[in-house]
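> Curious how this folds, go ahead:
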Amino acid sequence: MADILSLHDAVARYVDNGATVAMEGFTHLIPFAAGHEIIRQGKRDLTLIRMTPDLIYDQLIGAGCAKKLIFSWGGNPGVGSLHRLRDAVEKGYPHKLEILEHSHATMACAYEAGAAGLPLAVLRGYVGSDLPKVNDQIKFIECPFTGERLAAVPSIRPDVGVIHAQRADRQGNVLVEGIIGVQKEAVLAAKSSIVTVEEIVDDLGATPNACVIPGWAISAIAVAEKGAYPSYAYGYYPRDNRFYKEWDAIARDRDAFQAWLEENVLQAGGEV
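Presented below is the predicted three-dimensional model:
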């Protein structure tokens, strides 16, 4: 059964310097509160994994937490580039960031393989792509049954999986509602997992075929109200589109970013 901890204690217990950390959530339920706690605790040399790194990874990278990024697309949705990510890759600020790029399909397959305890994922893909030229983790194998040439990549099995969800019950089970990406796979694939939730309830109120992650698969649950803000949490609060637009100017300038980080994360210890 998952332990119910404060977010501070959950991050302190499970996120070590040098860890491989997957923080997932697709369009909503993005674990901003957990990411900010990682920044406040000054975690370093992290390998960050995410299918679609957006603002929270821009913040983690700009704060100097990351040494490597494994991803399939990165950007500020609907706005443009991640400028702290670009600064790290192009100019080594605050230090050089190694990147390993995959396709969306590969990332999803690799998470699924990791959740199943498999060492690799196999898929049809990368035909005509240049990614294998710059990503040495992409290999090609022959199907032993058909002779077909297939792509193979290592499964994703992070040290820590971090997600945000709507609610958990007192037995440690978690309900994820709305658009679901690879949250459950990230939790099942990880050695340890942290789930932040809007609230803890007596009854999840789960409908048939709902996505319920069982408490035995989760290491820690932490209440973090508005823990996905400025992304949205279906049924709780909307996306703050204005902040995503404002982030472009903040992230472009190193001093502006540092001032924002100091005021809104390091000192405030709260929401964005």
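> what residue ranges in this protein score low on pLDDT?
The chain contains residues with pLDDT under 70 at 269-272.
> hmm, 90 instead?
Applying pLDDT under 90 to the chain flags the ranges 1, 125, 127-128, 268-272.
> how's it carved up into domains?
3-102+157-266, 104-154 (automatic domain parsing).
> Deepest-packed of the ones you listed, please.
The highest mean neighbour count among those, using mean count of other C-beta atoms under 10 Å, belongs to domain 3-102+157-266: a mean of 20. Quick note: C-beta positions are derived from backbone N, CA and C, even for glycine.
> helix or strand for Lys245, which one?
Using DSSP states H and E, Lys245 sits in helix 241-252.
> same check, this time on Lys67
In the assignment (DSSP H and E), Lys67 maps to strand 66-71.
> and that strand, what other elements does it pack with?
Applying 3 or more C-beta pairs under 8 Å, 6 or more residues apart in numbering; DSSP states H and E, one finds that strand 66-71 contacts strand 46-50, helix 55-62, strand 98-101.
> Format these as JSON lines; extra columns: distance to Val187.
Formatted as JSON lines, the helices and strands packed on strand 66-71 follow (distance: least, C-beta to C-beta, whole Å):
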{"stretch": "strand 46-50", "distance to Val187": "13"}
{"stretch": "helix 55-62", "distance to Val187": "17"}
{"stretch": "strand 98-101", "distance to Val187": "22"}
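> Tell me which of these sits nearest to Val201.
helix 55-62 (25.7 Å; C-beta to C-beta).
> quick check: angle from that closest one to helix 241-252?
Angle, helix 55-62 to helix 241-252, by axes from the mean of the first three to the mean of the last three C-alpha atoms, to 10 degrees: 20 degrees.
> Any chance you could list what contacts stretch 176-189?
Stretch 176-189 has contacts (C-beta atoms under 8 Å, 6 or more residues apart in numbering) with 22-29, 51, 107-108, 111-112, 114-115, 155-158, 161-163, 165-166, 193, 195, 210-213, 217-218, 233-235.
> And stretch 118-132, by the same measure?
Taking C-beta under 8 Å, 6+ apart as the rule, stretch 118-132 contacts 101-103, 105-106, 109-110, 112-113, 138, 140-141, 148, 150-155.
> Please enumerate the helices of the protein.
For the chain, the helices defined by DSSP state H cover 7-14, 32-40, 55-62, 83-91, 104-115, 131-134, 183-189, 241-252, 254-261.
> What would the shortest one look like as CSV? C-alpha coordinates only.
Think helix 131-134. Output of helix 131-134 as CSV, limited to C-alpha atoms (Å, rounded to 0.1, in the frame of the first residue of the first chain):
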residue,chain,number,x,y,z
LEU,A,131,16.9,9.5,-35.8
PRO,A,132,18.9,6.2,-35.8
LYS,A,133,21.9,8.2,-37.0
VAL,A,134,21.9,10.3,-33.8
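> what about that helix, distance to the chain center?
Helix 131-134 sits 23 Å away from the centroid of its parent chain (C-alpha atoms, centre = their mean, to the nearest Å).
> nearest to Ala268, of the helices of the chain?
helix 32-40 (8.9 Å).
> What helices and strands are in contact with the closest one?
With 3+ C-beta pairs under 8 Å, 6+ apart as the test, helix 32-40 has helix 7-14, strand 20-23, helix 55-62, strand 160-169, strand 192-201 packed against it.
> Those into TSV, with extra columns for distance to Val134?
Rendered in TSV, the data for the helices and strands packed on helix 32-40 read as follows (distance: least, C-beta to C-beta, whole Å):
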stretch	distance to Val134
helix 7-14	32
strand 20-23	20
helix 55-62	19
strand 160-169	26
strand 192-201	31
